[in-house]
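Chemist: Dropping a prediction and its sequence here:
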Protein chains: 4
Amino acid sequence: MALEDGQSIFHKPSAISHDWVTISPMAVFGGVFSVLPTPFTSSGDIDPESLTRVIDLFLGDGVDGFTALGVTSEVARLTEAERDRVLDTVVSHVHGRVPVVAGTTAEGLRTCVAYTRRAKAAGAAAAMISPPRMPKINSDAVAKHFAEVASAIDLPIIVQDYPPISGYAMEPALVARIARDVPAARTIKLEDPPTPFKTSRILEQTNGLDVRIFGGLGGVFLLEELMAGAAGAMTGFAFPAILVQIVALFRAGRIDEAADVFYRKVPLMRFEFQEGIGMAIRKEVLRRRGAIADAGIRAPGGRLDDQTLLALDRVLDWTVLKSEV
Amino acid sequence: MALEDGQSIFHKPSAISHDWVTISPMAVFGGVFSVLPTPFTSSGDIDPESLTRVIDLFLGDGVDGFTALGVTSEVARLTEAERDRVLDTVVSHVHGRVPVVAGTTAEGLRTCVAYTRRAKAAGAAAAMISPPRMPKINSDAVAKHFAEVASAIDLPIIVQDYPPISGYAMEPALVARIARDVPAARTIKLEDPPTPFKTSRILEQTNGLDVRIFGGLGGVFLLEELMAGAAGAMTGFAFPAILVQIVALFRAGRIDEAADVFYRKVPLMRFEFQEGIGMAIRKEVLRRRGAIADAGIRAPGGRLDDQTLLALDRVLDWTVLKSEV
Amino acid sequence: MALEDGQSIFHKPSAISHDWVTISPMAVFGGVFSVLPTPFTSSGDIDPESLTRVIDLFLGDGVDGFTALGVTSEVARLTEAERDRVLDTVVSHVHGRVPVVAGTTAEGLRTCVAYTRRAKAAGAAAAMISPPRMPKINSDAVAKHFAEVASAIDLPIIVQDYPPISGYAMEPALVARIARDVPAARTIKLEDPPTPFKTSRILEQTNGLDVRIFGGLGGVFLLEELMAGAAGAMTGFAFPAILVQIVALFRAGRIDEAADVFYRKVPLMRFEFQEGIGMAIRKEVLRRRGAIADAGIRAPGGRLDDQTLLALDRVLDWTVLKSEV
Amino acid sequence: MALEDGQSIFHKPSAISHDWVTISPMAVFGGVFSVLPTPFTSSGDIDPESLTRVIDLFLGDGVDGFTALGVTSEVARLTEAERDRVLDTVVSHVHGRVPVVAGTTAEGLRTCVAYTRRAKAAGAAAAMISPPRMPKINSDAVAKHFAEVASAIDLPIIVQDYPPISGYAMEPALVARIARDVPAARTIKLEDPPTPFKTSRILEQTNGLDVRIFGGLGGVFLLEELMAGAAGAMTGFAFPAILVQIVALFRAGRIDEAADVFYRKVPLMRFEFQEGIGMAIRKEVLRRRGAIADAGIRAPGGRLDDQTLLALDRVLDWTVLKSEV
């Protein structure tokens, strides 16, 4: 078992098989996909060396895939050239060991299609797409958006249901409608709480379809999402080995053990996933794990204060030293 | 230690002194104030017997005070006659053993003043007030609202900083300005995340004033709020004994122990405090604790499904059986 | 007084029949319904004398009905006793000459039902109801809310589609679903722009049902709403004679004349209907029309400044003196 | 008088001097700046020929400047390469005849600085910048954003106060603080209603500074904004000659005439400026004016229906034929 000693969250867990991941135009996705941060140098430029170290660290943690250019990647603060550079770095460094998902959300359909084409050309296994931000958005417009991207590019789509991106909350019936109408868009990154409850509602309404739901939100409801039928987690939590272990135990039918690990680690997940400063905390943790050189996030972004750092010290110490399985 | 056995969260912890609570027009508040649910009968009427049982249970848990007519009390779904009935029931049943705070938020200043007068007349020790909901709200309007309530009634005000109520997020500088300008309004129920970080910012800007900050949000960041200088917690978490124990240990300088209890119990707090279904979960827990007869909430409100109940079983079992200090 | 001639906005237009209004449990509504302000004395109490003068003035203007306890009535700043007092004053003073609609929106179903019962008992011809404000609201919850109110009370419901009340925008398909499923709720007060466009969409989707749509929003799109099939206007515009004239001309097939009146008067409607200060402008106009004694609105509400009053003088003068048909 | 005949709104008004525009690092701006649409071909590509025809048309209308890459330019639906192409086309075609403002809003400071640098390099006279979209935004973060852009590039900044872009409403005190602290950012495009009222509040609080406020919002409150002290209008209204005429009359002290033109034309401005379909209406008008080949907007965007086109026909006809001064 991976987390058998006090230092374990800083090291690679024993290998966990993920042969079940199949990449194809209608690929099914599951397990633990880490959303990668975008590390910057102290002068604010992209730091590809740190990025590749994060990839190595997370591969060592046993992740089943990566997601680049997500919210926690600070994608909204990257230029297009930087987007390309980040995605190329990730795909080439991962080198096919696990699939790479690329965020390609854009306000316009045409830009979304262009980003998705670039993602496919760069070697991404899927595109993660949120409804577009638009005035007077509605369910027909959202459904059409996914259908049109799918008809333009032959690449699996992961529907990102995180209302802060677009300002629009998709009802379960809309997510189910998209899954029925757009076969390429049957994987969902579900981040509209209560996520376990919504997972159940979507799966009820897509009975018979191979719909896959990833939890997100820092892993804070991973156990309950799995209990409701989720296929895994796609999030930026800085210790993916923990998520990997929980998912593996759960899939092996060892639910009590999965729950025990989850409950002991969720205090850390909760702390990391704070509104407004979550990205900064994640980068600080990855700096401490030796992966990234500078924990800075791009302006305007929340900065950590001393109290937050002290509280981080405390929750990290406890998670490592006091929460053995 | 209160929670030394598997059943402990269902029983009263060893007594904790709260002599430090002083009720006066400029009272300072702190410790653990439980926001009371409003129990209903199966036909939807107010159930005062269940309400008094919750009070007894929570007094047994060692709380320092109560808050009636808060968000978790479903105050927005009560008529005015029901508001009065709830508050009268609470004040008369508590009978001075601990202070009772009454929510008196209203969209209009005049109604807010009227509610606050009724609260004082009913025997409340303070009024909890959020900025009013209004189109084109701004910081001057908010500051003026608190000043005018304070000038109309001689009763301490607890400023509720929970943006979903009013649709307006108060900046730390505005909370500090209210504290400086309105001596009656120097206690804050802070529920705008990241709450530990914001607690630090407000305390920095009110240096020298006796400002008291309560955490809320189900206790999910209680430890970090206390580390940042919070005076306690005011929330509806259904096991206030846990909060009482954490605050007591923290105040006694036994921070490591406080943290250990907190980390072991926060998985439950997190589960209970789910957006959209949190009130329903709390009532279900209180039904299981034997306090309330019917766990129903008023329509339109989230209903629990089987998966949520199974997940609740699991997290309750673990919290009781597996999380000894 | 600037407005002593150019008569039309101060006097009743040539008589317009409104025999077509039928009040019954399944009544159809249309024409011009004035949403009544709630006048206050200078000390902030309800001023029933001013209210009855507004009713007389608007009856003189030829309105087809009244709506009490709407947004422009400052209903959110009234206590329940004040709600009752206002509604009783309106119903008794109108004395059956035209139908009276009562706003009965509430966050809880039970309170909404209680308000609607009181409205019926007081003599209201219909209840105007917005979706309730609730966390994680969705289309099923909204549809159920209307169905449950309708099943509890035998009174026509006017569905108010004004997203700022509930924070939720109903799609045309949801409004149409409610109309199909709840026969009592086939009249809509449509205030989600673009309103003419949405009017067309709803009528397309309710083909064959006797759905009635009222425009609102101060009348600023009345002509285009009528062209799209609206049945009239329900708004608080302080010169309802203008709306009456436009609707009458339109119904008589004299579209060019209706449009000409509309275009000449819409500069005033636009000015009056300003976000944040619209209620204050309306009351100031009604004060100038001699109907209300004090133009004050309840705190916290926008106050008019000198520039706004000067601009009001100007647009009133122009509308009266320079825009004769 | 410019609009003396039925065709006048399709032609250039009599010449109006705008020598008063001075372009310098601390330039003051005023008068009528047209926000340019981005025309597309029927296949959705940028159509530079149509764009240059719009420029010629608007120069003929007498505008004092242009703004490219604004909201009505569908900037959110352009790639970066398209942004560059549009701006280069505009600057080179305008060729110094009037100043060109470039929208450079971005979620990250660094991207905003990069866009602003490109704008300056391309020949823009100023950058129009909205507060960035960010979680937990506050006034300090906004003030810092403008200060940092200004310290990085020596180019005038037009502060865009249009809350839908960032989800954040700047209070007058914040706009005034930015004007005091950042001399380059003393021009405001004010689009947070009620705009005349807010114009007065900002000017009160920046007494003694050369602060310039442009109205926007389609010109729908231009007269009242000018009365409150605004320096002009910056908007995408498809008949800028009308705005030019109003501003010229107002500046010449011929207020009654300015008002008369305004009131006769505002029905058209109002119609054009409809939420959700305003951009589509503007393009349709410009197609009819012979400037753009295809009125399409990029998906997902509102499409006009037949009723809207009929209503447009009507309001255009009336504005041309029936609204002589």
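Modeler: Nice, I can see it.
Chemist: Run through the residues of chain A sitting next to chain B.
Modeler: For chain A, the contact set with chain B under C-beta under 8 Å from any C-beta of the partner chain comprises A:193-194, A:196-197, A:200, A:220-221, A:223-224, A:227-228, A:259-260, A:262-263, A:266-267, A:270-271, A:274-277, A:302, A:305, A:307-308, A:310-311, A:314-315, A:318-319, A:322-323. For every residue, glycine as well, the C-beta is placed using N, CA and C.
Chemist: isn't A:Thr38 right up against A:Ala76?
Modeler: No - applying C-beta atoms under 8 Å, one finds A:Thr38 not in contact with A:Ala76, separated by 10.8 Å.
Chemist: Among these two, which residue is more densely surrounded?
Modeler: A:Thr38 (30 against 18; other C-beta atoms under 10 Å in any protein chain shown).
Chemist: separation between that one and chain C?
Modeler: Distance, A:Thr38 to chain C, by C-beta to the nearest C-beta, to the nearest Å: 32 Å.
Chemist: To which secondary structure element type does that residue belong?
Modeler: In three-state terms, and counting by DSSP: H, G, I helix; E, B strand; the rest coil, A:Thr38 is coil.
Chemist: tell me the contacts of it?
Modeler: A:46, A:51, A:73-75, A:78, A:82, A:86 (C-beta atoms under 8 Å, 6 or more residues apart in numbering or on different chains).
Chemist: What subset of those residues is buried?
Modeler: For those, a neighbour count by 16 or more other C-beta atoms under 10 Å in any protein chain shown gives the buried set as A:46, A:51, A:73-75, A:78, A:82, A:86.
Chemist: which parts of the helix or strand hosting A:Asp317 are buried?
Modeler: Per DSSP states H and E, A:Asp317 falls inside helix A:306-321. Buried residues in helix A:306-321, counted by 16+ other C-beta under 10 Å: A:307-308, A:311-312, A:314-316, A:318-320.
Chemist: Quick one: list the elements packing against that helix.
Modeler: Applying 3 or more C-beta pairs under 8 Å, 6 or more residues apart in numbering or on different chains; DSSP states H and E, one finds that helix A:306-321 contacts helix A:255-272, helix A:278-288, helix B:195-205, helix B:222-227, helix B:255-272.
Chemist: Just the residues contacting that helix, thanks.
Modeler: Everything outside helix A:306-321 that qualifies as a contact, by C-beta under 8 Å, 6+ apart, is A:6-10, A:264-265, A:267-268, A:271, A:277, A:281, A:284-285, A:288, A:304, B:194, B:196-197, B:200, B:223-224, B:227-228, B:259-260, B:263.
Chemist: relative to helix A:255-272, how tilted is that helix?
Modeler: Here helix A:306-321 points in a direction 160 degrees away from that of helix A:255-272 (axes from the mean of the first three to the mean of the last three C-alpha atoms, to 10 degrees).
Chemist: Can you give the distance from helix A:306-321 to the centre of its chain?
Modeler: 23 Å (C-alpha atoms, centre = their mean, to the nearest Å).
Chemist: now do stretch A:71-91
Modeler: 15 Å.
Chemist: Next: stretch A:284-301.
Modeler: With C-alpha atoms, centre = their mean, you get 18 Å for stretch A:284-301.
Chemist: Likewise for stretch A:157-171?
Modeler: That offset, for stretch A:157-171, works out to 14 Å (C-alpha atoms, centre = their mean).
Chemist: Can you list the buried residues in it?
Modeler: A:157-162, A:165-166, A:168-171.
Chemist: Reformat those as JSON lines; add secondary structure and distance to chain C.
Modeler: JSON lines is the format used below for the buried residues of stretch A:157-171 (DSSP: H, G, I helix; E, B strand; the rest coil; distance: C-beta to the nearest C-beta, whole Å):
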{"residue": "A:Ile157", "secondary structure": "strand", "distance to chain C": "23"}
{"residue": "A:Ile158", "secondary structure": "strand", "distance to chain C": "23"}
{"residue": "A:Val159", "secondary structure": "strand", "distance to chain C": "17"}
{"residue": "A:Gln160", "secondary structure": "strand", "distance to chain C": "18"}
{"residue": "A:Asp161", "secondary structure": "strand", "distance to chain C": "13"}
{"residue": "A:Tyr162", "secondary structure": "coil", "distance to chain C": "15"}
{"residue": "A:Ile165", "secondary structure": "helix", "distance to chain C": "17"}
{"residue": "A:Ser166", "secondary structure": "helix", "distance to chain C": "13"}
{"residue": "A:Tyr168", "secondary structure": "coil", "distance to chain C": "10"}
{"residue": "A:Ala169", "secondary structure": "coil", "distance to chain C": "8"}
{"residue": "A:Met170", "secondary structure": "coil", "distance to chain C": "10"}
{"residue": "A:Glu171", "secondary structure": "coil", "distance to chain C": "5"}
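Chemist: low pLDDT regions in chain A?
Modeler: A:1-28, A:321-325 (pLDDT under 70).
Chemist: near chain C, which residues of it?
Modeler: Counting by C-beta under 8 Å from any C-beta, chain A sits next to chain C at A:136, A:138-140, A:169, A:171, A:173, A:194.
Chemist: Go through the buried residues of stretch A:157-171 and name the one nearest B:Val91.
Modeler: A:Ala169 (39.2 Å; C-beta to C-beta).
Chemist: residues in contact with that closest one?
Modeler: So A:Ala169 contacts A:163, A:192, C:136, C:138 (C-beta under 8 Å, 6+ apart).
Chemist: for those, which one is nearest chain D?
Modeler: A:Pro163 (12.2 Å; C-beta to the nearest C-beta).
Chemist: My read is that that closest one contacts A:Asp192, right?
Modeler: Yes - taking C-beta under 8 Å as the definition, A:Pro163 is a contact partner of A:Asp192 at 5.5 Å.
Chemist: how close does A:Gly30 get to A:Phe214?
Modeler: As judged by C-beta to C-beta, to the nearest Å, A:Gly30 and A:Phe214 stand 8 Å apart.
Chemist: Among these two, which residue is more densely surrounded?
Modeler: More crowded of A:Gly30 and A:Phe214, by other C-beta under 10 Å: A:Phe214, with 30 against 21.
Chemist: can you pull the contacts of the more buried one?
Modeler: A:Phe214 neighbours (C-beta under 8 Å, 6+ apart): A:29-30, A:33, A:158, A:187-190, A:230-234.
Chemist: tell me the SS of the closest residue to it other than its chain neighbours?
Modeler: Leaving aside its sequence neighbours, A:Phe214 sits nearest to A:Met234 (C-beta to C-beta, 6 or more residues apart in numbering or on different chains; 4.0 Å). The local conformation at A:Met234, judged by three-state DSSP, is strand.
Chemist: Beta-bridge partners for A:Met234, please?
Modeler: A:Phe33 (DSSP bridges).
Chemist: That one against A:Val35, yeah?
Modeler: Yes - A:Met234 is within contact range of A:Val35, at 6.3 Å (criterion: C-beta under 8 Å).
Chemist: Understood, closing this out.
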